[in-house]
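A.B. asks: no letters, just coordinates:
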């Protein structure tokens, strides 16, 4: 799962909790309003009572506003943490790619320096995806020589993957 996906999921969860919180508070406020309305309809409130009701509502609004500010601050802090995690994950992915590329280049050198029939015997034992990566980085004539000595079924699978990979990448990776 990429860092952007993690960040998006966390943000959606936080927004959902905030929405739930606001809905519950709205329902509670509506119940409070009904209670206040019911008490005021029974007897006409005096102007002082009306001012007290307005003052209480203002205090409630200030409390809710502070709660929303705290929630917003919490969400912002979580976003900052998630961005840090995303950067860390991206750095790890980049490091892995570099190590993987170095290992593939090393394998390319090894298999390119071997005789095609000996290299084919070893390539038959390799994982298909690793073999595809090795062949992508080899010169065409060397790769063709090795493929000709490989198990035909396995060579066909590798060839299909090579063709699909190059179609997806626009023939920009690997050597001719």
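C.D. replies: Everything's here; your move. Keep in mind the model is a prediction, meaning the values are calculated, not measured.
A.B. asks: which helix of this protein spans the most residues?
C.D. replies: Using DSSP state H, we find that the single longest helix of the chain is helix 47-113.
A.B. asks: what's downstream of that one, the next helix or strand?
C.D. replies: With elements assigned by DSSP states H and E, the helix or strand that comes after helix 47-113 is helix 116-123.
A.B. asks: show me what that next one is in contact with.
C.D. replies: Contact with helix 116-123 is made by 111-112, 114, 131, 134, 142, 145-150, as judged by Cβ atoms under 8 Å, 6 or more residues apart in numbering. The C-beta positions use only the backbone N, C-alpha and C, and glycine is treated the same way.
A.B. asks: ok, and what's touching the following helix or strand past it?
C.D. replies: Moving toward the C-terminus from helix 116-123, the first helix or strand encountered (DSSP H and E) is helix 128-136. Contact with helix 128-136 is made by 104, 107-108, 111, 123, 126, 143, 146-147, 154, 157-158, 161-162, 165-166, 173-174, as judged by Cβ under 8 Å, 6+ apart.
A.B. asks: ok and helix 128-136 relative to helix 47-113, angle-wise?
C.D. replies: With axes from the mean of the first three to the mean of the last three Cα atoms, to 10 degrees as the basis, helix 128-136 and helix 47-113 are set at 60 degrees to each other.
A.B. asks: what residues of helix 128-136 count as buried?
C.D. replies: 131-136 (16 or more other Cβ atoms under 10 Å).
A.B. asks: ok, now stretch 57-69?
C.D. replies: So for stretch 57-69, nothing qualifies as buried (16+ other Cβ under 10 Å).
A.B. asks: repeat for stretch 144-164
C.D. replies: Neighbour-count burial for stretch 144-164, with 16+ other Cβ under 10 Å as criterion, is recorded at 145-147, 149-150, 154-155, 158, 161-162.
A.B. asks: one step back: quick one: distance of the longest helix of the chain to the chain centre.
C.D. replies: 12 Å (Cα atoms, centre = their mean, to the nearest Å).
A.B. asks: check stretch 7-19 too.
C.D. replies: On Cα atoms, centre = their mean, the centre of stretch 7-19 falls 14 Å from that of its chain.
A.B. asks: and the average pLDDT for it is what?
C.D. replies: Per-residue pLDDT values over stretch 7-19 give a mean of 83.
A.B. asks: what's that stretch in contact with?
C.D. replies: Against stretch 7-19 from outside (Cβ under 8 Å, 6+ apart): 71, 74-75, 78-79, 82-83, 86.
A.B. asks: can you rerun that using 10 Å?
C.D. replies: Stretch 7-19 is contacted by residues 1-2, 67-68, 71-72, 74-75, 78-79, 81-83, 85-86 when judged by Cβ atoms under 10 Å, 6 or more residues apart in numbering.
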